[in-house]
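Student: curious how this folds, go ahead:
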Amino acid sequence: MQKRPDPLGPPRLRLLIMDAPHGRRRGNTMTKTTWPLWEVFIRSQHGLAHKHVGSLHAPDAEMAINNARDVYTRRNEGLSIWVVKAADITASNPADKEPLFDPASSKVYRHPTFFPMPDEIKHM
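Tutor: Numbers count the residues shown, from 1 in each chain. This is a model prediction of the structure:
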């Protein structure tokens, strides 16, 4: 007699399904919509800054990093990974551009045109 496969999958996956935060079981599966959305940032081998590469759903930060590694660094191009819950990101509204950035235009000393350039220096 052949043993039937477990409908919840291997034991590690079964724990994930049973213990995921805010998870609801629907039959033998769990809906992905109950997992929080994570934004993924990767630092490449040749860069200093992390760049946004995409999003994914995961039950916790550790799983989000593991999934981001599998999805976004297939060719070993990543040096480090950041994951941030999308709900924790606060952004400015593009409609508020003028009041937000207007004070910087009144500070001419911050612009390189304020300083005289010697004639000997070219292509700068």
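Student: what comes up buried for the helix or strand where residue 53 lies?
Tutor: Per DSSP states H and E: residue 53 is located in strand 50-57. Judged by neighbour count using 16 or more other C-beta atoms under 10 Å, the buried positions of strand 50-57 are 50, 53, 56-57. The way it works is simple: take the backbone N, C-alpha and C, and place the C-beta from them, glycine included.
Student: can you tell me which of the residues you listed is nearest residue 91?
Tutor: Nearest to residue 91 out of the buried residues of strand 50-57 is residue 50 (C-beta to C-beta; 16.6 Å).
Student: report pLDDT for the closest one.
Tutor: Per-residue pLDDT puts residue 50 at 94.
Student: if we can go back for a sec, any chance of JSON lines for the buried residues of strand 50-57, columns distance to residue 85?
Tutor: What follows is the buried residues of strand 50-57, written out as JSON lines (distance: C-beta to C-beta, whole Å):
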{"residue": "50", "distance to residue 85": "16"}
{"residue": "53", "distance to residue 85": "16"}
{"residue": "56", "distance to residue 85": "11"}
{"residue": "57", "distance to residue 85": "11"}
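Student: can you list the strands that the strand holding residue 53 pairs with?
Tutor: strand 37-44 (antiparallel) (DSSP bridges).
Student: what comes up buried for the strand it pairs with?
Tutor: 38-43.
Student: now for the longest helix along the chain, which elements pack on it?
Tutor: For the chain, the longest helix by residue count, based on DSSP state H, is helix 61-72. Judged by 3 or more C-beta pairs under 8 Å, 6 or more residues apart in numbering; DSSP states H and E, helix 61-72 is in contact with strand 37-44, strand 50-57, strand 78-85.
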